[in-house]
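Chemist: starting from these lines, generate the structure:
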Amino acid sequence: MIKGIIIVNNSGKPRLVKFYQNVFGEERQQSVIRRVFQQVSQRPDSFCNYLEGSIPEWENVKLIYRHYATLYFVFAVDAQESDLGILDLIQVFVEALDKRFENVCELDLIFHSDRVHYILDEIVMGGMVLETNIHTILQAINDQERMHNESMKKVGPSDSVDLVSTKLGAGRNW
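Modeler: As a prediction, the model looks like this:
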């Protein structure tokens, strides 16, 4: 099971954090992010991308990561997960981001975090892998974008909340 997904830049600033195994409290979450970053950033790029992590909040955790340009994509997983399978999953996630944002960069993760989370949710939910086929993932992303654009055509910039909910078919119970 995937315990968490953390994307940090080379300075250790988190750009996406998703915990699937609870880490309660903001201080503990920040501590986990710091520990993960310290462990992966100290390793030379020539080393393998697997690491037995020492994170007190998670027992028996493996950190599987890839370093792309200015970002570390880190998946914290339990011992049952396949190292190569998770590396492939990271590659699929990065490819999906790259196709969606046309040469994804750190700023895309910052300014389009909602879309990034949607892409991740198409791949992983609740710590379980849902989809690994890049074409299926991209089709779901394109369908969602199309539905969003169609719904925005129905709404004018000066419409009230009640009018918007009525136009979108929600009525007064929205």
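Chemist: residue contacts, the most centrally placed residue in the chain?
Modeler: Nearest to the mean C-alpha position of the chain, by C-alpha atoms, centre = their mean, lies L120 at 4.3 Å. Counting by C-beta atoms under 8 Å, 6 or more residues apart in numbering, L120 makes contact with 5, 16, 18, 93. Yep, even glycine has a C-beta here, placed from its N, CA and C like the rest.
Chemist: what about the last one, neighbour count?
Modeler: Using other C-beta atoms under 10 Å, the number of residues around F93 comes to 24.
Chemist: ok, now how distant is the closest residue to it other than its chain neighbours from E81?
Modeler: In this structure, F93 finds its nearest non-sequential neighbour in I123, 5.7 Å apart by C-beta to C-beta, 6 or more residues apart in numbering. For I123, the distance to E81 (C-beta to C-beta, to the nearest Å) stands at 14 Å.
Chemist: can you check E106 too?
Modeler: Distance from E106 to E81, by C-beta to C-beta: 27 Å.
Chemist: try L109
Modeler: 24 Å.
Chemist: cool, A69 as well?
Modeler: Distance, A69 to E81, by C-beta to C-beta: 25 Å.
Chemist: settle it for me: which of those two has more neighbours?
Modeler: Neighbours were counted for A69 and for E81 using other C-beta under 10 Å; E81 has more, 19 against 9.
Chemist: which of the three states applies to that one?
Modeler: Of the three states, E81 takes coil under DSSP: H, G, I helix; E, B strand; the rest coil.
Chemist: can I assume it is in contact with I2?
Modeler: Yes: in this structure E81 lies within contact range of I2 using C-beta atoms under 8 Å: 7.0 Å.
Chemist: all helices for this structure, in order.
Modeler: With helices called from DSSP state H, the chain shows them at 26-41, 83-101, 106-111, 113-123, 134-153, 161-167.
Chemist: the ones you listed: which one's closest to I64?
Modeler: helix 83-101 (4.4 Å; C-beta to C-beta).
Chemist: in this structure the residue nearest to F93 contacts N133, no?
Modeler: No: contact criterion C-beta under 8 Å: I123 and N133 do not qualify, at 10.0 Å.
Chemist: neighbour count: the two, which is higher?
Modeler: For I123 versus N133, the count of surrounding residues by other C-beta under 10 Å is larger for I123: 21 against 10.
Chemist: quick one: stretch 85-92 to chain centroid distance?
Modeler: Relative to its chain's centre, stretch 85-92 lies at 13 Å (C-alpha atoms, centre = their mean, to the nearest Å).
Chemist: ditto for stretch 18-32
Modeler: Relative to the centre of its chain, stretch 18-32 is centred 15 Å away, using C-alpha atoms, centre = their mean.
Chemist: pull the number of nearby residues for V32.
Modeler: The burial count for V32: 23, using other C-beta under 10 Å.
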